[in-house]
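Asks: what follows is a predicted protein model with its sequence.
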Amino acid sequence: MTQKLWIPAALRQGLPHLPAFFPDFTVLPEGTPCPDGALIAGEGAAAFHEGPWSAPRFHDVKRAVGLVVPGLPAPPHTLDERLDAAQRAALPFSRFADPFRAKPTNLTEALDILSMWRVIEAENRRIGAFLHMQAWKRDAIARIFGHDDGHAPFAETPAAALAQRQGVVLAWAARLTAETESQAQVPIWRVEDGFIRSIGLGVNFALAASLAIDPIGMHYDATRASRLEGILAETMFAPELLARAAALRAEILRHNITKYNVTGAVTPLPPSPGRQRILVVGQVEDDASILFGAGRVRSNLGLLRAVREAAPDAFIIWKPHPDVQTGYRRGYLPARKAAQFADVVLQQGDIRPIFAEADALHTMTSLAGFEALLRGLAVTCWGRPFYAGWGLTTDMESFERRQRRLTLDELVAGSLILYPRYQDPVTGLPCAPEVLLERLANPGDWVGRSPRSPAYLAWWKLQGLMLRGLRHIRLVRR
């Protein structure tokens, strides 16, 4: 019979996953009185400390990965070449736990987490000021880009951000102007939402669980190079990285994950025997990806018209962008206009079931094209998104800088593993993409994630419906 371990409530608050470090003990449930003969965590033989496994803090969040427990034998470990002298000395008394899954783990996996955290924390310390960060995002930004000493200040103006001389300016890319860039005497890094983002729309205040940080350009800006483009053009993808990318893609398909994971019933499509079924996805027409990535086709109506001209006999399904349908973003296309070129107009609902019913997808620059590639659909790009130009899509625009041919798993490795950062919505800590996929597969993990109250969100959505009505009758610019 295993010895009982009693953990004081104060320790559970600071280390909610503490029982995972002691799989060889019977950990008593929280609130249970300490019985005679039980080992008390944090006292005597069970006293512990992080020692050389100390994890960094990300502003107000910290979780231990390794504990040194001198009075207890540790599970067997395999030496890792990354260990320094202090870690080797502590290893016989060390225990490791996965802070995301609250279960025991091994030395290698613990070092992987610590290594990731330390690289990110060191990068965060280089930030001297934040610029163009919306107020409702600031708590999350402070945590994502925090460190042991807190986080950089939020500048209210470009001049205030550029006045600091101690580090880089981290700016929200879509709000950054060419004028600010030209005036900068310090490096500027750009940040935008990642490709697997959340359950819910950003326009409805769903916080992002992935971000792309780019010191060169931005993935949606085809007028200049970006860090992602460099990764895709130059990386020699190791076999183990490609195997991880293949497994990641399989998980995305297994859980049918997209960027926003918005649910909603969709009416099954009518039969269309003998006709190719083309899904055409709309976009926010003043979005940065259109401004800097679109080609000759730059509007939703123009896209639909171009697809019909290119495929006169196809069965065309029109799906507008969900942000546009909220009423808050430009690009609204009345159903009667869309029906001039489309056989079916889907005003609302989840795009994921439609992927399974379509043969191909046409887009300007939408991320839906990337999501369709993951699902094996033929994709035609009328603009220049990050995933086009590598030999995986039919491209209606030219790509002078992109001459390399990639496999789908190489594209996934660069775009979903090497480029973005991921933030666990449960612990608030930087995590691997695999952890985020697990959270997305369990929508309950996202409850309470919005910084807005339910009453505010209800009012916001009602106002959006009114705005959409005004766009429909042309009293607000579409």
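Replies: Now that the structure is in, tell me what you want to look at.
Asks: now do the contacts for R308.
Replies: Applying C-beta atoms under 8 Å, 6 or more residues apart in numbering, we find R308 in contact with A314, I316, F341, A342. Just so you know, the C-beta spots here come from the backbone N, C-alpha and C atoms, and that holds for glycine as well.
Asks: equivalent analysis for G14, please.
Replies: Taking C-beta under 8 Å, 6+ apart, we find G14 in contact with no residue.
Asks: how about the helices in the stretch 101-250 of the chain?
Replies: Assigned by DSSP state H, counting those that start in this stretch, the stretch 101-250 of the chain shows helices spanning 107-124, 138-144, 158-163, 178-183, 227-234, 239-255.
Asks: ok so, going back, quick one: which of the contacts of R308 has the most company?
Replies: Using other C-beta atoms under 10 Å as the neighbour test, these are led by I316, with 24 neighbours.
Asks: so in that sheet, which strands flank the host helix or strand of it, and in what orientation?
Replies: Using DSSP states H and E, I316 sits in strand 315-319. Counting by DSSP bridges, the strands paired with strand 315-319 are strand 277-281 (parallel), strand 344-345 (parallel).
Asks: CSV for those, including mean neighbour count?
Replies: Formatted as CSV, the strands paired with strand 315-319 follow (neighbours: other C-beta atoms under 10 Å):
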stretch, mean neighbour count
strand 277-281, 25
strand 344-345, 18
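Asks: indicate which one of these is closest to A222.
Replies: Nearest to A222 among the strands paired with strand 315-319 is strand 277-281 (18.1 Å), distances taken as C-beta to C-beta.
Asks: for the closest one, give me every contacting residue.
Replies: Contact with strand 277-281 is made by 269, 303-304, 307, 311, 314-319, 321, 342, 351, 354-355, 357-363, 366, 368-369, 372, 377, as judged by C-beta under 8 Å, 6+ apart.
Asks: again, 6 Å this time
Replies: For strand 277-281, the external contacting residues (C-beta atoms under 6 Å, 6 or more residues apart in numbering) are 304, 307, 314-319, 354, 358-363, 366, 368.
Asks: so what's the gap between the helix or strand just after it and the chain middle?
Replies: Toward the C-terminus, strand 277-281 is succeeded by helix 288-293 as the next helix or strand (DSSP H and E). Relative to the centre of its chain, helix 288-293 is centred 20 Å away, using C-alpha atoms, centre = their mean, to the nearest Å.
Asks: restricting to C-alpha, output helix 288-293 in PDB.
Replies: The C-alpha trace of helix 288-293 is given here as PDB (Å, rounded to 0.1, in the frame of the first residue of the first chain):
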ATOM      1  CA  ALA A 288      -4.500  43.800 -44.000                       C
ATOM      2  CA  SER A 289      -4.300  40.500 -45.800                       C
ATOM      3  CA  ILE A 290      -6.400  42.100 -48.600                       C
ATOM      4  CA  LEU A 291      -4.600  45.400 -48.600                       C
ATOM      5  CA  PHE A 292      -1.200  43.800 -48.800                       C
ATOM      6  CA  GLY A 293      -1.900  40.400 -50.300                       C
END
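Asks: CA atoms only: put whichever helix or strand comes after that helix into CSV for me.
Replies: Helices and strands here follow DSSP H and E; after helix 288-293, the next one along the chain is helix 300-310. These are the backbone C-alpha positions of helix 300-310, laid out as CSV (Å, rounded to 0.1, in the frame of the first residue of the first chain):
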residue,chain,number,x,y,z
ASN,A,300,-15.9,39.6,-52.5
LEU,A,301,-18.1,40.3,-55.4
GLY,A,302,-15.1,40.4,-57.7
LEU,A,303,-14.0,37.0,-56.4
LEU,A,304,-17.3,35.4,-57.0
ARG,A,305,-17.5,36.8,-60.5
ALA,A,306,-14.0,35.6,-61.3
VAL,A,307,-14.7,32.1,-60.1
ARG,A,308,-17.8,31.8,-62.1
GLU,A,309,-16.0,33.0,-65.2
ALA,A,310,-13.2,30.5,-64.6
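Asks: re the thing from before, any of the contacts of strand 277-281 buried? List them.
Replies: Taking 16 or more other C-beta atoms under 10 Å as the criterion, what is buried in the contacts of strand 277-281 is 304, 307, 314-319, 354, 358, 360-363, 366, 368.
Asks: and of the residues you listed, the nearest to R224?
Replies: Using C-beta to C-beta, the buried ones among the contacts of strand 277-281 come closest to R224 at S366, 20.3 Å.
Asks: H321 versus the closest one, what's the distance?
Replies: From S366 over to H321 the distance is 7 Å, taken as C-beta to C-beta, to the nearest Å.
Asks: what residues are shared contacts of those two?
Replies: Common neighbours of S366 and H321 (C-beta under 6 Å, 6+ apart) are Q283.
Asks: residue ranges in the stretch 351-478 of the chain under the pLDDT threshold?
Replies: 447-450, 452-453, 456-478 (pLDDT under 70).
Asks: would you map the helices across it?
Replies: 352-357, 368-374, 408-412, 433-440, 454-472.
Asks: buried ones in the third one?
Replies: Pointing back at helix 408-412 there. Of all the residues in helix 408-412, those buried under the rule 16+ other C-beta under 10 Å are L408, D409, E410, L411, V412.
Asks: distance of the last one from A250?
Replies: If you measure V412 against A250 using C-beta to C-beta, the figure is 10 Å.
Asks: repeat that for F22.
Replies: According to C-beta to C-beta, F22 stands 34 Å off from A250.
Asks: which one of these two has more residues nearby?
Replies: A direct count of neighbours by other C-beta under 10 Å for F22 and A250 places F22 higher, at 23 against 11.
Asks: could you check how many residues crowd around A122?
Replies: By other C-beta under 10 Å, 11 other residues sit near A122.
Asks: the chain should start at 50 in everything you say after this.
Replies: With 50 as the first residue, the last one maps to A171.
Asks: quick check: it vs R326, distance?
Replies: Distance from A171 to R326, counting by C-beta to C-beta: 49 Å.
Asks: please name the nearest non-neighbouring residue to T442.
Replies: Using C-beta to C-beta, 6 or more residues apart in numbering and skipping residues adjacent in sequence, the residue nearest T442 is V428, 4.6 Å away.
Asks: beta partners of the one you found?
Replies: Bridge pairing for V428 - DSSP bridges - gives L410.
Asks: pull the next helix or strand after the strand holding I365 out as PDB, backbone CA atoms only.
Replies: Sequence order places helix 371-374 as the next helix or strand after strand 364-368, per DSSP H and E. Provided in PDB are the C-alpha atoms of helix 371-374 (Å, rounded to 0.1, in the frame of the first residue of the first chain):
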ATOM      1  CA  PRO A 371     -17.900  35.400 -40.100                       C
ATOM      2  CA  ASP A 372     -16.500  38.700 -38.900                       C
ATOM      3  CA  VAL A 373     -18.400  40.400 -41.800                       C
ATOM      4  CA  GLN A 374     -21.600  38.700 -40.700                       C
END
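Asks: any idea of the mean pLDDT for helix 371-374?
Replies: The average pLDDT within helix 371-374 is 72.
Asks: show me how far it is from its chain's centre.
Replies: Here the centre of helix 371-374 is set off from its chain's centre by 20 Å, with C-alpha atoms, centre = their mean.
Asks: got it, and stretch 350-364?
Replies: The chain centre lies 32 Å from the centre of stretch 350-364; the measure is C-alpha atoms, centre = their mean.
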